[in-house]
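[1] any chance you could fold what I've pasted below:
(3 chains)
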Amino acid sequence: MARTRTRARTRTRFAALAAAVALTALTGCGAADMTTQASPYADAKSSRTVTLSVQSWVGAQANVAVAQYLLEQELGYRVDTVQIDEIPAWDALSQGRVDAILEDWGHPEQEKRYIDDKGTIKRGGDLGVTGHIGWFVPTYFAKEHPDVTDWKNLNKYADTFRTAESGGKGQLLDGSPSYITNDKALVKNLDLDYQVVFAGSEAAQITQIKQFAKEKKPFLTYWYNPQWLFEKVPMTEVKLPAYKEGCDADPKKVACAYPHTPLQKFLNARFADGGGDAAAFLKKFRWTTEMQNDVALMIAEQKLSPREAARKWVESNEATWRTWLPS
Amino acid sequence: MNTPTAPHTPPSVFAVRDLWKVFGPKADRVPGDAGLAALDAAGLRARTGCTAAVRDVSFDVRKGEVFVVMGLSGSGKSTLVRCLTRLIEPTSGTISIDGEDVLSMDAGRLRELRRHRAAMVFQHFGLLPHRSVLDNVAYGLEIQGVGRAARRERAAEFVTKVGLEGMEHRRPGQLSGGQQQRVGLARALAVDPEVLLFDEPFSALDPLIRRDMQEEVVRLHREEGRTMVFITHDLSEALRLGDRIALMRDGRIVQLGTPEEIVGSPADDYVRDFVRDVPREQVLTVRAAMRPARSTESEAGPALAPDATVHEAIEAVARTGETARVVQDGRCLGVVDQAALLGVVAGVAAPAGKAAA
Amino acid sequence: MTATVTPNGTPATVPPATATPMGPATEPAASATATATGALRAFARDRRRPIAAGAVVALVLGALLLGGGGWPAALTVDLSGPLGTTSDWIIDNRDSHPLFLYGLGHVSNAVVLSVRAVYLVLLALGWAGVTAAAGLVAWRVAGARLALVAVAAFGACGLLGMWVPTMQTLALMVVAVGASVALGGVLGLAAGLSDRTHRILRPVLDTMQVLPAFAYLLPVVLVFGIGVPAAVLATVVYAAPPMARLTALGLRGADAGVMEAAASMGATARQRLLTARLPLARKELLLGVNQSIMMALSMAVIASVIGAGGLGDRVYQALASVDVGAALAAGVPIVLLAVVLDRVTAAAGERIGAAPARHARLGWAVAAVTTAAVAVAGRLSGRLGWPDAWTVDIAPTVNTAVDWMTAHLYSGVPVIGGTADWAGHFTTWVLDPVRGGLQWLPWWAVLVTVGVLALLIGTWRTAATAVAAMAGIGVLGVWDPALDTLSQVLAAVAVTLVLGFAVGIAAARSARLARALRPVLDVFQTMPQFVYLIPVVALFGVGRAPAVAAAVVYALPAVVRITTQGMRAVDPAAMESSRSLGATGRQQLFQVQLPLARPALLLAVNQGVVLVLAVVVIGGLVGGGALGYDAVFGLAQGDLATGLVAGAAIVGLGLMLDRVTQPTERRDPAGKGA
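    Predicted coordinates for the structure are as follows:
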């Protein structure tokens, strides 16, 4: 009896030891660098994989769809995409979890931290698209009330833009919390009788805008260009006090319009240096606002899959993308 | 407590002296404090917040006997039996098994005691619902570290012994209450313990099945002569099974004696009240009604053994119409007549019978 | 999140309404019950008076000494400094500090390796192999009917064109659930065996129960970065508590008689644990596994925000292009996985205790061989991936339907008005006044009210917890947004309860309705909330009203379920006796069923509150603002200060509401933990 017991105990001990050894062998002894980790879903056969960050707006999806299609079809890479918000995307880029961000609207703090201080991220050049944030009213409303497009007259229309949610004030519809916005400060500093209502996500904001448009109701919204929704719901920008270099330096005292930003690409430093053809291709990737919108519309309005939309665009724009390929 | 010691008393298995079990805050102070020890349950509770489940109990369990502890619920009998193997840690007093002090045993020695020397059968069976009958019976052996094949073989033997053959692979949930308790019994027997402890094993069963089970215990005892401590609240069960009975009330033993002594000469009003409805002729022996033989009475009439019940004597006397002789080893100890027997049944002590008992 | 999952309120814990004054109790017993109730009532009356008096004194003192207004700025603590520093430190040291290199790095790599291993196995099995395996396991564990359901569910995942993402999610789930069960099991074991650990763990688990899933994401992402490891760990943190809770419950609840029997036979502590206590708790353990699975699945979509990939990512990407159809196509497999896993584990739980069927081993062998055969056949015929031709694109149809619905219901419906009008009225006439009222109340009056409510329902302990939780919110400096959120929660709970009780009572009275409701409730409980964000906005516009609507949709199934169960559990003898007295259906409902189902109804209230609060963050995504928006903002901007503080405030609200709605009887009788 005693022997059985001892044997059982030995067996347990052996199992525990084996498990420990196996675990150590699996994880490797010593340091484990999280920055060199691959996705568990990576293809078993192909070793050349590129991971791209997709931001939540459709323009960014269009960039990635086309880049992905070309990387896969022309250069023989496998492409993973990860959808993440902008700031976490910088973090992921720095860690090597994604190799490239194809469209960034300007994050000076992150640029300083990761490019200048840590050196884990490198600039990848212009995307070729210029981005602009602003306040917009639907064109059907602007035509009837042309003076609404000057911010000085906005208070006159506060009542028109009122909703249940904004209470006694006019409603300024803002979007996803991940976007750059000075709207609360603007409303305060320009002394406007408006309430900023955060839709909380772009999907909610677009859905709401479409509903308003369907009923031809007036509304005032934070929006940005390029964006496919303009093709669906034509909108006119409201002029804010002109942008001057540095007028948005102090987020609390902003009282001017948003700048026009040439959108940027960023690459993980290790990838930029050792990424071969893929890195070279992504550095050269550069197209126009119209091209991006074409693809974005196919995705958002025709409900094509991003891949399908990219294929269509690639078929009819060979001259453009040929120049991106590494020679 | 008076523990009557006859000349040829077998050795004690369990010897319990001055045992206390007090539940509650700072329970240790109660047994030592004469003032507190004298309080009744309500008084003790009010003074100290403690409950004394077992109070100053002493007794011996002799080898080979069935020792019944009997009392109503709350009398402390279940606590008492658990103290024997320290499933409940006593507050004070001494317990020894075969002369070895139980309270000073270390964990290993205590396990040894529980594994090999005393096995318990529980009121609510305490079977493992996820195991088959066979594996439940083998459980005690498994705990001892007996190998799988050996313990199963032994378990199968005891499954047969308690009459459950063919049900080895059922789960306890698929058995009736009586069958479940047979499994509990087999489990306790399988470890071949020196003492079997029964904690109200049959109170959850139907009356008919209870009777079967009692007979089963009687049969086992007759076949193996194993020492048994049997807890019950059922007087007829106690009388049927017990060689000796300790009657408990509020944690104390109020009377300890043979069934005949309990029924025949209750120690106080509580016991008298308790045994009032007992069919006395079935418990008391002819000794209770015996008187010395007069003239020729020792020559004629039906012969009875001294431990025959009054019930048997009545039958013999009624059949023959004569007085019956009580005969031991060919010697006539005395006779019983109709008047004496009727006196026993009526509970009126026959003047002549008493002295001879 | 799904409601079967609410660790505290599994429908199984609905207290059966057995104490019935009208029951066939014998005369003395009945009168004893009556005396006891009378004494209780007297006690309650006695309690109420001092509480009321205390409240009045507190209010007067407050008015004299403290004045009105929101939480005083002097009593707040600004955490943005330290939290910002922490966040910076982690980012700067993540690639170099030994803690990361030698500790968390290994954890992270182990997760990736395990997920990869499972994923490769699933791929190697091919679609036919996986489907066959699912069907056969279901057959062995739960019977032929569920086997068909499992096969159909996996087939549907393939048909929807979601085979690969489904496998990715499944791989992640296997690892996450495995880790949750292991971690929760160990914690539960510790709490089940040691009273002290139990006392320490209990409040922690209580808190985690009300911690919104979003609040976990930020710290995890900060440490592990975007990707599968972070997703798995966030899921584990979320899914392990119910396992721990149920393990502890099962171990502590082990039949004392059996345990004593084991002890009486001289079993060592380890033998008692392994041969008796653990096997006795197997029902709870299995229920724990079940709950962990459901929690983990509900996290699948939320974790996509931090790069979990799989089905969640598809839902999330579809959301970005405002494509309800595509989101639904990815959401349906999640629902199907959840339903299949729930049913199979539940069935396994019910079968426990019965003798194993004959030829059990043979059955498993058949299952294993068949799976292998199918997998090999698939491999040989080169059809490992789901054939492209076998897919159905449901997106256009769904989108057309949603468009039609929103176009016709949004406004201008004759007589009843459109949904947008309802939303507007609800905001103006319900949400605004409640929020205004709460924010108008002086801060100390809010605390006193919370304390009094908690005292009336629970004990001084629960009251202390509730008041402390509310005060903590003030100290964190988010008093006003918290009251805004509270107003939305209260409104949502009210709507949920009205609808839930009505539907629940109806379902309890009609078996047919109950049957018809079951799949609907299943779907709403398991459908990822991201899927219905767009329809909700399309119907109710942007703002607090759609946030309330989303919360109602989410919390309603649990409330309906608990109500139905509670009403059903009413002692049939009481019903029979009232019928025998000639009561009408209405009289039976109001005089017998509802009063006797009171414990269940209270539980429904409590669950409603907890569940509504759980989707406050989701409400932030549709314009709910306040704390929910802050939590989303914190995650999106990597802003630990905003996100964590909002998360903590939501927890504070959760603790407060839980204590205020949780009757003491349901808590641990020993009164441990508050």
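[2] tell me if C:Cys179 really is in a helix.
    Quick fix: residue C:179 reads Ala, not Cys. Yes: assignment of C:Ala179 by DSSP: H, G, I helix; E, B strand; the rest coil places it within a helix.
[3] what about it, how many residues nearby?
    22 (other C-beta atoms under 10 Å in any protein chain shown). Any C-beta I mention is one placed from the backbone N, CA and C, and that applies to glycine too.
[4] wait, isn't it in contact with C:Ala234?
    No: look at C:Ala179 against C:Ala234 with C-beta atoms under 8 Å: they stay out of range, at 11.5 Å.
[5] tell me the residues of the stretch 151-300 of chain C that contact chain B?
    Residues of the stretch 151-300 of chain C found near chain B (C-beta under 8 Å from any C-beta of the partner chain) are C:255, C:257-258, C:260-268, C:271, C:275-276, C:279-280, C:282.
[6] what bridges to the residue sitting nearest the centre point of chain B?
    By C-alpha atoms, centre = their mean, chain B has its centre lying nearest to B:Val68, at 1.7 Å. Beta-bridge partners for B:Val68, by DSSP bridges, are B:Phe230, B:Ile245.
[7] tell me the domain ranges of the chain?
    Chain wasn't specified; assuming chain A. Listed by automatic domain parsing, the domain ranges of chain A are A:47-130+A:261-322, A:132-258.
[8] that answer is for a different chain, and I need it for chain C
    According to automatic domain parsing, the ranges for chain C are C:7-11+C:75-80+C:416-666, C:94-382.
[9] and stretch B:249-263, what's its mean pLDDT?
    Averaging pLDDT along stretch B:249-263 yields 90.
[10] which elements pack onto the biggest helix by length in chain B?
    In chain B, with assignment by DSSP state H, the single longest helix is helix B:207-224. Packing partners of helix B:207-224 (3 or more C-beta pairs under 8 Å, 6 or more residues apart in numbering or on different chains; DSSP states H and E): helix B:177-190, strand B:227-232, helix B:235-241.
[11] is any residue of the helix or strand harbouring A:Ile299 near chain C?
    Per DSSP states H and E, A:Ile299 falls inside helix A:289-300. Yes: applying C-beta under 8 Å from any C-beta, one finds helix A:289-300 touching chain C at A:Ile299, A:Ala300.
[12] buried set for that helix?
    Using 16 or more other C-beta atoms under 10 Å in any protein chain shown as the test for burial, helix A:289-300 gives A:Thr289, A:Met291, A:Gln292, A:Asn293, A:Asp294, A:Val295, A:Ala296, A:Leu297, A:Met298, A:Ile299, A:Ala300.
[13] what do you get for stretch A:312-325?
    A:Lys312, A:Trp313, A:Val314, A:Trp321, A:Trp324.
[14] distance of A:Val137 from A:Thr163?
    Using C-beta to C-beta, to the nearest Å, A:Val137 is found at 14 Å from A:Thr163.
[15] can you show me the CA trace of stretch B:36-54 as PDB?
    Taking C-alpha atoms only, stretch B:36-54 is exported to PDB below (Å, rounded to 0.1, in the frame of the first residue of the first chain):
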ATOM      1  CA  LEU B  36     -21.100  26.700  35.500                       C
ATOM      2  CA  ALA B  37     -21.100  22.900  35.300                       C
ATOM      3  CA  ALA B  38     -24.200  22.800  37.600                       C
ATOM      4  CA  LEU B  39     -26.300  25.100  35.400                       C
ATOM      5  CA  ASP B  40     -29.000  23.700  33.200                       C
ATOM      6  CA  ALA B  41     -28.900  24.300  29.400                       C
ATOM      7  CA  ALA B  42     -30.800  27.600  29.400                       C
ATOM      8  CA  GLY B  43     -28.900  29.000  32.400                       C
ATOM      9  CA  LEU B  44     -25.600  28.100  30.800                       C
ATOM     10  CA  ARG B  45     -26.500  29.700  27.600                       C
ATOM     11  CA  ALA B  46     -27.600  32.900  29.300                       C
ATOM     12  CA  ARG B  47     -24.500  33.100  31.400                       C
ATOM     13  CA  THR B  48     -21.800  32.100  28.900                       C
ATOM     14  CA  GLY B  49     -23.400  31.800  25.500                       C
ATOM     15  CA  CYS B  50     -22.200  28.200  25.500                       C
ATOM     16  CA  THR B  51     -24.100  25.000  24.900                       C
ATOM     17  CA  ALA B  52     -23.000  21.800  26.600                       C
ATOM     18  CA  ALA B  53     -23.800  19.000  24.300                       C
ATOM     19  CA  VAL B  54     -22.000  16.300  26.400                       C
END
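[16] indicate whether that stretch makes contact with chain C.
    No: taking C-beta under 8 Å from any C-beta as the criterion, stretch B:36-54 and chain C are apart, separated by no less than 15.7 Å.
[17] please work out the average pLDDT along that stretch.
    Across stretch B:36-54, pLDDT averages out at 85.
[18] would you mind pulling the contact partners of that stretch?
    For stretch B:36-54, contacts defined as C-beta atoms under 8 Å, 6 or more residues apart in numbering or on different chains pick out B:19-27, B:29-31, B:55-56, B:76, B:79-80, B:83, B:90, B:250-251.
[19] in the stretch 251-357 of chain B, what residue lies closest to chain C?
    B:Gly251 (20.5 Å; C-beta to the nearest C-beta).
[20] any idea how far chain A is from that residue?
    Shown here: B:Gly251 relative to chain A, a distance of 40 Å by C-beta to the nearest C-beta, to the nearest Å.
[21] same deal with B:Leu197?
    Distance from B:Leu197 to chain A, by C-beta to the nearest C-beta: 24 Å.
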